[in-house]
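1. Structure, please.
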Amino acid sequence: MRRYIAADLPEIRQRILDIHVEVRRRDFGLTGPFYDVERFDERLSTYSSRPGWSAVLGYEDGEPVGFCFGTALAPGTKWWNNMLTPLAADVTTETGTRTAALNEIVVRKPWRGHGVAWQLHEAWLNSRQEERVTLLVNPLNGDGAVQAVYEAWGYRKLGDQQPFPDSPVFSVMLRPVKPT
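-> Next comes the predicted model:
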């Protein structure tokens, strides 16, 4: 596992994009504008421009096996704005140090089912200073199996949101960075 910060993105961008295409398009058949590599690259650029962005890439014998990345939610973030049912202010108020958003976690097929996603997740969280971490997951992925994995990792569902007009409706999940 190797940790990277925004200044390192030029070094790892193509690896991240290649894995995205391999997994999302080829393995899972996700198509449409939201999943296009250009749109994903735009989101990657946007996320990495925010303070506190970091990534973890996993390697085996020098070959990338997966990645995860995310950033801190800044005061005034729009993260919570697209909730289908609004949440209370005590849940959505951000300070810049309260909540980390895990934007992406992707593992290549040969390494799935071996705990690599958990290792990436934990390596990324180990460097985070925030109190809690949130993520979005498509509840239809794997007929709910992906969301169940996050629940097993200690996340709980807060509600649903659709952050982009052409994106799926995602479950919004939250857990402490350091589970008690």
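2. measure C68 to I5 for me?
-> Distance, C68 to I5, by C-beta to C-beta, to the nearest Å: 14 Å. (C-beta placed from N, C-alpha, C; glycine too.)
3. Mutual contacts of the two, please.
-> Shared contacts of C68 and I5 (C-beta atoms under 8 Å, 6 or more residues apart in numbering): A55.
4. more neighbours, these two?
-> With neighbours defined as other C-beta atoms under 10 Å, C68 and I5 compare such that C68 has more, 26 against 12.
5. Run through the residues that contact that one.
-> C68 sits in contact with A55, V56, L102, E104, I105, V106, A117, L120, H121, W124, where contact means C-beta under 8 Å, 6+ apart.
6. 7 Å - rerun?
-> Going by C-beta atoms under 7 Å, 6 or more residues apart in numbering, C68 touches A55, V56, L102, E104, I105, L120, H121, W124.
7. May I ask which of these has the most neighbours?
-> A55 (27 neighbours).
8. Low-confidence ranges, this structure, go.
-> 180 (pLDDT under 70).
9. tell me the residue furthest from the middle of the protein?
-> D61 (24.7 Å; C-alpha atoms, centre = their mean).
10. Pull out the CA atoms of the helix or strand hosting G159 and give them to me as CSV.
-> With elements taken from DSSP states H and E, the one containing G159 is strand 156-161. Provided in CSV are the C-alpha atoms of strand 156-161 (Å, rounded to 0.1, in the frame of the first residue of the first chain):
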residue,chain,number,x,y,z
ARG,A,156,-24.7,2.9,8.6
LYS,A,157,-27.0,4.3,6.0
LEU,A,158,-28.2,7.9,6.6
GLY,A,159,-30.4,8.2,3.5
ASP,A,160,-30.2,8.5,-0.3
GLN,A,161,-28.9,11.2,-2.7
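11. contacting residues around the helix or strand that comes right after it?
-> Where DSSP H and E defines the elements, the next helix or strand beyond strand 156-161 is strand 170-176. Identification of contacts with strand 170-176 by C-beta under 7 Å, 6+ apart yields 83, 131-139, 147, 150, 154-161.
12. Mind doing that once more with 8 Å?
-> 83, 99, 131-139, 147, 150-151, 153-163.
13. just the CA coordinates of it, formatted as PDB?
-> Extracted C-alpha coordinates of strand 170-176, given in PDB (Å, rounded to 0.1, in the frame of the first residue of the first chain):
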ATOM      1  CA  PHE A 170     -26.700   6.400  -4.000                       C
ATOM      2  CA  SER A 171     -27.000   5.300  -0.400                       C
ATOM      3  CA  VAL A 172     -25.200   7.800   1.900                       C
ATOM      4  CA  MET A 173     -23.200   5.900   4.600                       C
ATOM      5  CA  LEU A 174     -21.300   7.100   7.600                       C
ATOM      6  CA  ARG A 175     -19.100   5.700  10.300                       C
ATOM      7  CA  PRO A 176     -16.400   6.900  12.700                       C
END
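14. Much appreciated, bye for now.
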